[in-house]
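**Q** need the 3D shape of this:
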Amino acid sequence: MSAEQRHAGGRPRSFDEGQALDGAIDVFWRLGYEGASLAELTEAMGINKPSMYAVFGSKKELFVYALERYGQRYHEHLRQVLSEPRAYDILESYLRDTAKAVRAGNSLGCLSIQGGISCGPSNARIPQLLAEYRHGIQEAIAKALAAADDAPYTDTEALAGFAVTIGQGLAVQAAAGVPQARLDTVVDVALAGLAMQLVAALRTDDADGRSRRRTATTS
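**A** Down below sits the predicted model:
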């Protein structure tokens, strides 16, 4: 349920919820969940604290709404990124796009990493939410791989997990100031390994197919 739906029927608001959440996303991205103060959040959102509490409930709930908005926008983009017909091209598209995206925004890295990869016990739900968000990306990649014209004969979940793990590393490196050329080189190395894995899997499947045909012929 969106904040709009939750607070329907109340007094009309004098601010745009989407723009306010975009401001919160920027602060959570730059400072992390625990590092983001209410003063910094409300300033970036263009609202006061009473309005923030009235519409979003609490800082934790605000983070949930912000992550939800961030995820909706990214998954719309991700569908295009993963629309390639072949497995290798899907993985290349995702990794190339990620290498550019982690350096393209106002803040380096990725909200799902910088937002709160580690928090104190009282905020343990935040890293869990971010882990669930990253798992959703992995599932989307695995689904695209399974539907590819040349669907790989290896574990698509493992391939997707590898790609997302590389993507997370790219985000960490970008946040540390690693230049674009270095990130692109990391992608080149990862793709070389993926190409070898896909070729090996295809050869194994071909060999198994020939073995099955010989068995059927001689039986």
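**Q** out of the helices and strands in the protein, which is least certain?
**A** Within the chain, no helix or strand scores below helix 3-6, which has a mean of 50 by mean pLDDT, DSSP states H and E.
**Q** after it, which helix or strand is next?
**A** Downstream of helix 3-6, the first helix or strand assigned by DSSP states H and E is helix 17-35.
**Q** now that next one: mean pLDDT?
**A** The average pLDDT for helix 17-35 rounds to 94.
**Q** now do the buried residues in it.
**A** For helix 17-35, a neighbour-count test (16 or more other CB atoms under 10 Å) marks 17, 20-34 as buried. In short, each C-beta sits where N, CA and C put it, glycine included.
**Q** between those residues, which is nearest I47?
**A** Each of those was scored against I47 by CB to CB, and A20 proved nearest at 5.9 Å.
**Q** with adjacent residues omitted, what lies nearest to the closest one?
**A** Distances taken as CB to CB, 6 or more residues apart in numbering place M45 nearest to A20, at 4.0 Å, with adjacent residues excluded.
**Q** and the gap between that neighbour and R103?
**A** 25 Å (CB to CB, to the nearest Å).
**Q** V186 too?
**A** Counting by CB to CB, the gap from V186 to R103 is 13 Å.
**Q** where does the prediction get shaky in the chain?
**A** By pLDDT under 70, the weakly predicted segments of the chain are 1-13, 153, 201-219.
**Q** contact partners for G167?
**A** By CB atoms under 8 Å, 6 or more residues apart in numbering, the residues touching G167 are Y94, L95, T98, C110, I137.
**Q** how much space is there between it and L91?
**A** Distance, G167 to L91, by CB to CB: 10 Å.
**Q** for the protein, just list every one of the helices.
**A** For the chain, the helices defined by DSSP state H cover 3-6, 17-35, 38-45, 49-56, 59-81, 87-104, 111-114, 125-146, 156-175, 180-218.
**Q** just say which of these is most tucked in.
**A** Of all the helices of the chain, helix 111-114 carries the top mean neighbour count, a mean of 23, counting by mean count of other CB atoms under 10 Å.
**Q** how about the CA coordinates for it, as PDB?
**A** The C-alpha trace of helix 111-114 is given here as PDB (Å, rounded to 0.1, in the frame of the first residue of the first chain):
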ATOM      1  CA  LEU A 111      21.000   2.400  -2.900                       C
ATOM      2  CA  SER A 112      20.700  -1.400  -2.200                       C
ATOM      3  CA  ILE A 113      24.300  -1.400  -1.000                       C
ATOM      4  CA  GLN A 114      24.900   2.100   0.500                       C
END
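**Q** distance from that helix to the middle of the chain?
**A** In terms of CA atoms, centre = their mean, to the nearest Å, the centre of helix 111-114 is found 9 Å from the chain centre.
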